[in-house]
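Engineer: got a structure for you, letters missing:
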Ligand SMILES: Nc1ncnc2c1ncn2[C@@H]1O[C@H](COP(=O)(O)OP(=O)(O)O)[C@@H](O)[C@H]1O
Ligand SMILES: [Mg+2]
């Protein structure tokens, strides 16, 4: 246990990075995923196709490839720069990759949610004069979200764990710190593993509980 | 002032026909569901659409606010042909109320929010004013005390009355009712029909798909009988129910009278 205790400051800093990656990417994925699901049910065929192509590509590409693409392709090759400071730049490139990947799953979950909303809801909305965007935004999506809170929770848990792949984009999150520590404290490998696993448990467990509670609280009675 | 005056003078005399369907045809694949439908509904008129199941009554009703598209012919509301899509269509729908068989209240919103949503978002009414009006309308349909409940907490009859209040909140030129009492338990039918009868008395233009003969006799100006996608017969309620002329109507009435 010595290593975990001695290094507690650097470990917490690393988990803080994990948390930041998770929170910002989750927010980004929620926004992009919602837009993608809206495009998917839009009356314009070109938007529907664009969304479908995007989701298919993003869902079927390994996350490591997506993150390498954002850090090497978007970052190094295309020269997109979020900040002059390299660690900050890597952080944002990782957020970009995680968001691009996760939003596809959010879109699919929401699409399933949209399918649970009876057609009559959208018809009633159109009948009182709401346009497509208003019908989606005020009537269909609020009900769709409530129907898919548990799968959204699973996606968030997966995202939390997926942030460990950000190491390929050069972001020093928890798993990077764990590797470094294993190299230094070779005699305490098991303890270090268990310690970091417990750290992820602490992050993910409340997510599951919170989403379960939200789902019960916000359920739409029909 | 002069501008207003001259505008008033120049305005064409409003046609008495509010909803006009002209040679409307509609197919579902090979099924010809509306066949050359000609129908004009006058301002303030209450038209009851009646006919066997599958004769196209719902389709006709839904075509009037373009929840269903039509293949040929034309439909106009207050002199304006139905726009095909987008903003104009939404604007037209705001002027045409609709009450569904299954109520279709917004399940995640309270009764009050159901009624104020469109006035606030579509007509851009101030929320306070919209809520005040909503409370008046809810009182009028007899559910003033339920404003903060969710639809699932209300009985079917109460939900349908909220749906009527929701339609009324838009000050529609006409309200379409598609079998508004068919999904209700028998003891709740009258509370909804009473609200509709009162609306008819107040001069609302209404197109009502219903088999409620008592309502038709009490409130309708005209009964339109449909069968197989065609208008077979139209008459005053009393003439229609007492002396149906077509065989189809006679057979249909014999069935619903002896059930
Ligand atoms: N969405 C649809 N797709 C295919 N056929 C339909 C659809 N809606 C209605 N129909 C058919 O069109 C005919 C007319 O239906 P409808 O207008 O609902 O009749 P009504 O309201 O008089 O019972 C029926 O034969 C029905 O099965
Ligand atoms: Mg019907």
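Structural biologist: Sure, I can see it. As the structure is a prediction and not an experimental result, all values here were calculated from the model. Ligands and ions are numbered 1, 2, ... in the order given.

Engineer: where's residue A:40 relative to residue A:52, distance?
Structural biologist: Per C-beta to C-beta, to the nearest Å, residue A:40 is found 7 Å from residue A:52. C-beta here means a position set from N, CA and C on the backbone, and glycine is covered the same way.

Engineer: Tell me which of those two has more neighbours.
Structural biologist: residue A:40 (20 against 14; other C-beta atoms under 10 Å in any protein chain shown).

Engineer: right, and that one touches residue A:109 too?
Structural biologist: No - checked against C-beta atoms under 8 Å, the pair residue A:40 and residue A:109 is beyond contact range at 11.9 Å.

Engineer: pLDDT of the host helix or strand of residue A:3, averaged?
Structural biologist: If you go by DSSP states H and E, residue A:3 is part of helix A:2-6. For helix A:2-6, mean pLDDT is 88.

Engineer: could you say what helices and strands that helix packs with?
Structural biologist: Helices and strands touching helix A:2-6, by 3 or more C-beta pairs under 8 Å, 6 or more residues apart in numbering or on different chains; DSSP states H and E, are helix A:189-218.

Engineer: Now the nearest residue to residue A:222 once chain neighbours are set aside. Its backbone dihedrals?
Structural biologist: Take residue A:222 and drop its neighbours on the chain: the residue closest to it by C-beta to C-beta, 6 or more residues apart in numbering or on different chains is residue B:107, 5.4 Å away. Residue B:107 adopts backbone torsions of phi -70, psi -20, taken as degrees, to the nearest 10.

Engineer: my guess is residue B:107 meets residue A:144, correct?
Structural biologist: No - look at residue B:107 against residue A:144 with C-beta under 8 Å: they stay out of range, at 11.7 Å.

Engineer: Which parts of chain A are helices?
Structural biologist: Assigned by DSSP state H, chain A shows helices spanning A:2-6, A:8-40, A:45-59, A:63-68, A:86-116, A:119-127, A:132-134, A:141-147, A:149-162, A:174-184, A:189-218.

Engineer: Reformat those helices into a markdown table and put distance to residue B:253 next to each item.
Structural biologist: Output for these, formatted as a markdown table (distance: least, C-beta to C-beta, whole Å):
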| stretch | distance to residue B:253 |
| --- | --- |
| helix A:2-6 | 86 |
| helix A:8-40 | 48 |
| helix A:45-59 | 47 |
| helix A:63-68 | 68 |
| helix A:86-116 | 41 |
| helix A:119-127 | 30 |
| helix A:132-134 | 43 |
| helix A:141-147 | 42 |
| helix A:149-162 | 52 |
| helix A:174-184 | 77 |
| helix A:189-218 | 49 |
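
Engineer: Which of the ones you listed sits closest to residue B:190?
Structural biologist: helix A:119-127 (23.8 Å; C-beta to C-beta).

Engineer: orientation of that closest one relative to helix A:86-116 in degrees?
Structural biologist: 100 degrees (axes from the mean of the first three to the mean of the last three C-alpha atoms, to 10 degrees).

Engineer: Any part of helix A:119-127 near ligand 1?
Structural biologist: No - applying C-beta under 6 Å from any ligand atom, one finds helix A:119-127 out of contact with ligand 1, separated by at least 10.2 Å.

Engineer: For that helix, buried residues please.
Structural biologist: A:120-127 (16 or more other C-beta atoms under 10 Å in any protein chain shown).

Engineer: what do you get for stretch A:65-79?
Structural biologist: Residues of stretch A:65-79 classed as buried under the neighbour-count rule (16+ other C-beta under 10 Å) are A:66-71, A:75.

Engineer: likewise stretch B:43-58?
Structural biologist: Under the neighbour-count criterion of 16+ other C-beta under 10 Å, stretch B:43-58 has B:45-52, B:55-58 buried.

Engineer: Determine which residue lies closest to the centroid of the chain.
Structural biologist: You didn't pick a chain, so chain A it is. residue A:26 (3.9 Å; C-alpha atoms, centre = their mean).

Engineer: The intended chain is chain B.
Structural biologist: Taking C-alpha atoms, centre = their mean, the centroid of chain B lies closest to residue B:176, which sits 1.0 Å from it.

Engineer: Now do the contacts for whatever residue of the stretch 151-259 of chain B ends up closest to chain A.
Structural biologist: Residue of the stretch 151-259 of chain B nearest chain A, by C-beta to the nearest C-beta: residue B:152 (3.6 Å). Going by C-beta atoms under 8 Å, 6 or more residues apart in numbering or on different chains, residue B:152 touches A:221-222, B:107.

Engineer: Strands of chain B, residue ranges please.
Structural biologist: All strands of chain B, identified by DSSP state E, fall at B:17-28, B:31-42, B:46-50, B:72-77, B:80-81, B:96-99, B:174-178, B:205-209, B:222-227, B:230-235.

Engineer: what's in contact with the shortest one?
Structural biologist: In this case it means strand B:80-81. Under C-beta under 8 Å, 6+ apart, the answer for strand B:80-81 is B:74-75, B:92.

Engineer: Likewise for the second one?
Structural biologist: For strand B:31-42, contacts defined as C-beta under 8 Å, 6+ apart pick out B:16-27, B:47, B:56, B:59-60, B:63, B:70, B:73, B:174, B:205, B:207, B:221, B:224, B:228-231.

Engineer: So which of those residues reach ligand 1?
Structural biologist: Within the contacts of strand B:31-42, those near ligand 1 by C-beta under 6 Å from any ligand atom are B:56, B:59.

Engineer: are any of the contacts of strand B:31-42 buried, and which?
Structural biologist: Those of these that meet the buried threshold are B:17-21, B:24, B:26, B:47, B:56, B:59-60, B:63, B:70, B:73, B:174, B:205, B:207, B:221, B:224, B:229-231, by 16+ other C-beta under 10 Å.

Engineer: Now the lowest-mean-pLDDT helix or strand in chain A: buried residues?
Structural biologist: Here the helix or strand of chain A ranked lowest by mean pLDDT, DSSP states H and E is helix A:2-6, holding a mean of 88. Residues of helix A:2-6 classed as buried: A:3-4 (neighbour count, 16+ other C-beta under 10 Å).

Engineer: ditto for stretch B:65-75
Structural biologist: The neighbour-count check on stretch B:65-75 (16+ other C-beta under 10 Å) flags B:65-68, B:70, B:73, B:75 as buried.

Engineer: got TSV for those, with distance to chain A and pLDDT too?
Structural biologist: Formatted as TSV, these follow (distance: C-beta to the nearest C-beta, whole Å; pLDDT from 0 to 100):
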residue	distance to chain A	pLDDT
B:65	6	92
B:66	9	93
B:67	6	94
B:68	10	95
B:70	16	95
B:73	21	96
B:75	15	96
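
Engineer: got a list of what whatever residue of chain A ends up closest to ligand 1 touches?
Structural biologist: Ligand 1 sits closest to residue A:119 of chain A, with a gap of 10.2 Å, by C-beta to the nearest ligand atom. If you count contacts by C-beta under 8 Å, 6+ apart, residue A:119 has none.
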